[in-house]
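> Turn this into a structure:
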Amino acid sequence: MKMNGRRDSVKIVLSRVIAKLFVVWIQEPAAFVGVEEKVQWIQRDLMDSWLKYMHATEQLMDVAYDFEDVIDDLILRSATKQRRIGNWERCLLLIRIHKKLELIKSKIAALDYPRWEAQGGFSSDYIEEIVWTDIFLILGQSVAKTVVSPLEEKVSALLAQEAIHPCTKKKAMRVLDKPRSLNGFLKGLESVELDAGGMGWMEELSHVCLSAVGAIEDFINRTQQLTKRSWMGPSKGFLSAFGKFESQDKLAVEMDKIYAKIQNLSIHRPTAVNSQGQSRNPKYTLGSTERIPRQPTTQEPDLASFGDDVHAMIARLLTDDQNFRVIPIMGMQGTGKTTLANLIFNHKAVVDHFPFAAWRSDGYRFQLRNKGELLQSGPSQRRLWSNRDEMQRLIPFLINDRPLIVVDNWNFLVDDLEMLPDALNGSRIILPTCETKLPPNLKMKSDPHPLRLRTDEESWALFTHALKFSIPPELLKLKDEIAKRCGGLPLLIVKLAEALSHKDATIEEWSTALQQFHHDQQQLYSNTIYKIHKDLSLYMRRCLFYFTLFPQDFDIPARRLITLWVAEDLVQPEGENETPEDVAERCLNLLIAQGMVQLTKKKLNGNVKMVRLPDALRQYWSSKAQEATFLGFHTNTRSESSLSTNKIRRLVDHLDKEDISFDHIHGDYNTTSTSLTPYYEDVLSFLSFDTRKESKPGEEVGNFLRQSISRGCFLVLLVLDLENVFRPKLPEAIGKLTRLRYLGLRSTFLEILPSSISKLQNVQTLDMKHTCINTLPNSIWKLQQLRHIHLSESCRSKLMLRHDTNFPTILQTLCGLLVDEETPVRDGLDRLLNIRKLGLTTSSKQDAMSLQLQAVVDWVLKLNQLRSLRLKSIDQNNQPWDLELKPLVSLVNLSYIYLLGRLRNPSIMSQFPYSLIDLTLSGSGLVEDPMQSLDKLPNLRSLKLLAKSYLGKNMLCSSGGFPQLRVLKLWKLEQLEEWNVEKGALQALRDLEIRFCRSLKILPAEFLHRTLLKIEVIPAQ
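Residues are numbered from 1 along each chain as shown. Model (predicted):
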């Protein structure tokens, strides 16, 4: 294994060097004048060197790195011809290239041919493996990419630095090439089940590669600082040159240490897989898990709990596409796939659209329904076909009658799908299945619908529906516990309701039943855990590990989880215009779709807001995270016996007195004698969940950070998340955490930041929402890696800006900023062109803000990547003031808009982009009915018309308008008297809320018979 690892490394290095040489040869042939013969000789020898010098892999890699250094000089030589420099400098460069080529030739000559005892050569089987064309292969998304890609990016940035010594460059490339040589092995791990040792090996490799990334980041930042100092005079220049030399030497030493660690990991790579030695992705294995029998119940399916899914499925079924389509309903056992299919099968719109329908259950039994017969005899009368051969009788219906077929049997896809003709009449098949991978004969014809776990609100609706009596008011306090105990799984929810239906309706009886119910949950999820072993990739597993850092039953904000994943490089972008946050969001949505993670709360526009792990899965993943040393040495014990082999990687404060870190964080530091360094020197993340509302949490975490940093701890920290910790006292020493990427201070009510914050050169996210910080210094813009900054809108946070400020051009999020007459927008903020999420409040003297408002509008129109826009215009009395906007239709990525202020250009109501999903208007002062313009937005899901947004008396929603609108809120529209909704309008509406509309007396008649519509009316006081 050790020899194979070295061979892989040599192959990767030689492939890259030869490819680089060919590119330069094609693009800059003039660079080879005078050295062409030597370069060609070395190139030919290296092309054959794999066969000649396989015994001397380390020496061969050294030669390859030296040759790559020469290629870089040749590129530089070509560049010098484009610049006006003297012939003497060009001559010196040519002499240097000649000397390096001669040195390389001497090193190649020093490589001895191996002495072979067996027939003096290599076997033909081995020679066939040498394929040089694979140098252009691109890595796919996998755990290999999440480990190697960040290192590749940083090494590329390092090589772009000027005056890097060849020795330092060589050592950095050697560190990169070693993980690259493991790429094939890492991809192979995706298809097998690793044991605890294998997962631990994977975590250690990830940790070592992250340390290499951090070391290079430190070097680049230090070099940039020294370069700036060198401009301050001769003495500073000398000190700067010495500092750069010292930094390079330090980096070289660090690269040697990291290379030794990766080399050791390569030698001791895991070989053990699951005890059966089976792949985790067997090809379409059928019947591999025990099927839970469907339990009959007297309850009718609850439409309210599956309303969103019914709407989405019917939209798929009733589309104008005439091609034959299969719609798999995918979900884990117990999610209600058959229940959903039954709701759709009997839905009036479906019955009207499909003249013929058939339901095929386990075995070969058919239930047939003909619309004409149903109209005469009622829906309960159905014919049964039990003979498989009679399935041939379906074919005429498929050809002539546009049927809907529900097949509650996975084997149908393999055995019978090919028997059905591809009639162009809109035929559809619904397939409830636990499988997450579709066979090839189905992929091109399918439109899958993942069935997720239910939210807490949906779970409670299903529970109350399944319960056989009304819940007494005193038992409503168990609502949250019931929802959490069932984990969003409909089968468990119904079973719990049936169990409690036979209990006395008391707190004591129900609490006892809830405790006993835990075993049923564990048993059901055992089947899901089997599928996790079989299907889930390694990099997705590492994302799931992160859930175990949060407290049990904790609702995790999706935006927080995504940012943490990105900060630790658990995900990597796949496309040129894609961000890590995009990949992280897709990853989270996939986990939700597969039933691994429960969506507990949704935003009004339907997007994910809160998530958590069901209890049973949390216990499983906690044990797996411990086995994989994802947390490092961080167990609920005071024992220090394993300190010699394990250290804490991810530190979490749950206020657990049994945790070994509790005394360090919350104890008396004057009496604590144990050194903190062995525990916390390798910590990557520190998350605190100390949410006590008093001064103690802030003081204790501040003291702990100060003590730890002063003793050399946390210096490789990537994440410091203190969200909801009351006013943490951040020490000035926080400036030493130069590798920090995420600083989470949301909802801390912090009043001041330490001045050393500007030293955190690698911070990507600075979250200060819901703090009391109202002014940030100009030095904050020294953080050139900053991608997301959240300020406190309620505290009217301002940035001290100058027109010559060097803004971080990669900034994507800027929220909560107050813009007044002193804020440089034109030729200042408007240089930030990669903004995707923008939230601004404009406020000052009215006559001073006109030009500023115009500058803001012009800036917004230049933000082609903008997805979310929140603009508030208020006067000195905090009341809505003029807000002038231009048409936003050109911003094709814009999906969220919040506008507060009097719209001076009301015509923009008809000039919003079609991509808009969520719109909120407040204080707009519209006198014309906005519904006549907004109802044509095809993707609008949420519309909120708040106080004084509309001043008219009449409102009309026309037929066919608002095809996707799900949430509509009308607040304080005091002039509104009459609201008419035509038939066919607002067909997707699920949530209507009317507050304080004092003149509106009657609801539209169109809403009276909509069973899925939730209506809440709060009258004016």
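> Can you tell me the SS state at the residue nearest the centre of the chain?
Nearest to the mean C-alpha position of the chain, by C-alpha atoms, centre = their mean, lies residue 584 at 1.3 Å. Secondary structure state of residue 584, per DSSP: H, G, I helix; E, B strand; the rest coil, is helix.
> from here on, count from 554
Got it, the first residue is 554 from now on, which makes the last one we talked about residue 1137.
> wait, it sits on residue 1118?
Yes - when contacts are counted by C-beta atoms under 8 Å, residue 1137 is listed as touching residue 1118 (4.6 Å). Using the backbone N, CA and C atoms, a C-beta is placed for each residue, glycine as well.
> Contact partners for the residue nearest to the centre of the chain?
Residue 1137 makes contacts with 1096, 1114-1115, 1118-1119, 1123-1124, as judged by C-beta atoms under 8 Å, 6 or more residues apart in numbering.
> Redo these as JSON lines? Include distance to residue 1504.
Converted to JSON lines, the contacts of residue 1137 look like this (distance: C-beta to C-beta, whole Å):
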{"residue": "1096", "distance to residue 1504": "49"}
{"residue": "1114", "distance to residue 1504": "42"}
{"residue": "1115", "distance to residue 1504": "40"}
{"residue": "1118", "distance to residue 1504": "46"}
{"residue": "1119", "distance to residue 1504": "44"}
{"residue": "1123", "distance to residue 1504": "50"}
{"residue": "1124", "distance to residue 1504": "47"}
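> for those residues, which one is nearest residue 812?
For residue 812, the closest of those turns out to be residue 1123, at 23.8 Å, with distances computed as C-beta to C-beta.
> mind checking which helix or strand the closest one is in?
Residue 1123 belongs to no helix or strand when assigned by DSSP states H and E.
> List buried members of the contacts of residue 1137 by neighbour count.
By the neighbour-count criterion of 16 or more other C-beta atoms under 10 Å, the contacts of residue 1137 include these buried positions: 1096, 1114-1115, 1118-1119, 1123-1124.
> what ranges do the helices span in the stretch 654-803 of the chain?
Per DSSP state H, counting those that start in this stretch, the stretch 654-803 of the chain carries helices over the ranges 677-680, 696-712, 719-734, 736-742, 749-782, 787-820.
> Also the stretch 1404-1553 of the chain?
1484-1487.
> Give the residue spans of it that score low on pLDDT.
Scanning the stretch 1404-1553 of the chain for pLDDT under 70 picks out no residues.
> Then the stretch 604-753 of the chain?
For the stretch 604-753 of the chain, applying pLDDT under 70 flags the ranges 604-609, 632-640, 664-694, 715, 743-746.
> now do the stretch 1154-1303 of the chain
Residues of the stretch 1154-1303 of the chain meeting the criterion pLDDT under 70: 1185-1199, 1221-1227.
> Show me the helices in it, by range?
Residue ranges of the helices in the stretch 1154-1303 of the chain, as given by DSSP H, counting those that start in this stretch, are 1168-1180, 1215-1219, 1230-1233, 1248-1263.
> Determine how far the last residue of stretch 1201-1212 lies from the first.
12 Å (C-alpha to C-alpha, to the nearest Å).
> Please identify the buried residues of it?
Within stretch 1201-1212, the residues that count as buried by 16+ other C-beta under 10 Å are 1201-1207, 1212.
> Quick one: residues in contact with it.
Contacts made with stretch 1201-1212 from outside it, assessed by C-beta under 8 Å, 6+ apart, are listed as 756, 760, 1102, 1104, 1182-1187, 1189-1191, 1214-1215, 1218-1219, 1232-1233, 1235-1243, 1245, 1254.
> Tell me where the stretch 954-1103 of the chain has helices.
Assignment of helices within the stretch 954-1103 of the chain using DSSP H, counting those that start in this stretch yields the ranges 964-968, 993-996, 1009-1019, 1032-1039, 1043-1054, 1060-1069, 1071-1088, 1091-1098.
> now the residue nearest to the centre of the chain: how far from residue 1499?
Residue 1137 is 32 Å from residue 1499, where distance means C-beta to C-beta, to the nearest Å.
> Shouldn't residue 879 be within a strand?
Yes - looking at residue 879 with three-state DSSP, it is inside a strand.
> Hmm, residue 984 and it touching each other?
Yes - the criterion here is C-beta under 8 Å, and residue 879 meets it with residue 984 at 5.9 Å.
> Looking at those two, which one has more neighbours?
For residue 879 against residue 984, the residue with the higher neighbour count under other C-beta atoms under 10 Å is residue 984, and the figures read 27 against 24.
> So which of the buried residues of stretch 1201-1212 are in strands?
In strands, judged by DSSP state E, the following of those are found: 1203-1206.
> Would you mind putting the buried ones among the contacts of residue 1137 into CSV with distance to residue 1439 and pLDDT alongside?
Supplementary listing: the buried ones among the contacts of residue 1137 in CSV, determined by distance: C-beta to C-beta, whole Å; pLDDT from 0 to 100:
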residue, distance to residue 1439, pLDDT
1096, 41, 89
1114, 36, 96
1115, 32, 96
1118, 37, 95
1119, 33, 95
1123, 40, 89
1124, 36, 87
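> from the residues you listed, which is closest to residue 794?
Proximity of those to residue 794 was ranked by C-beta to C-beta; the top entry is residue 1119 with 36.6 Å.
> How about the secondary structure of that closest one?
Strictly by three-state DSSP, residue 1119 counts as helix.
> leaving aside the residues next to it on the chain, what's closest to it?
The shortest distance from residue 1119 to any residue that is not its chain neighbour, by C-beta to C-beta, 6 or more residues apart in numbering, is 4.4 Å, and that residue is residue 1133.
> From residue 1118, how far out is that neighbour?
Taking C-beta to C-beta as the measure, residue 1133 and residue 1118 are separated by 8 Å.
> list residues touching both of the two?
Contact with both residue 1133 and residue 1118 is made by residues residue 1124, according to C-beta under 8 Å, 6+ apart.
> roughly how far apart are the residue lying closest to residue 1470 once chain neighbours are set aside and residue 1422?
Of all residues beyond its chain neighbours, the one nearest residue 1470 is residue 1448 (4.3 Å), with distances taken as C-beta to C-beta, 6+ apart. Summarising the geometry, the distance separating residue 1448 from residue 1422, computed by C-beta to C-beta, is 10 Å.
> Please apply the same query to residue 1021.
Using C-beta to C-beta, one gets 50 Å for the distance from residue 1021 to residue 1422.
> Between the two, which has more neighbouring residues?
Set side by side, residue 1021 and residue 1422 give different neighbour counts by other C-beta under 10 Å, the larger being at residue 1422 (21 against 11).
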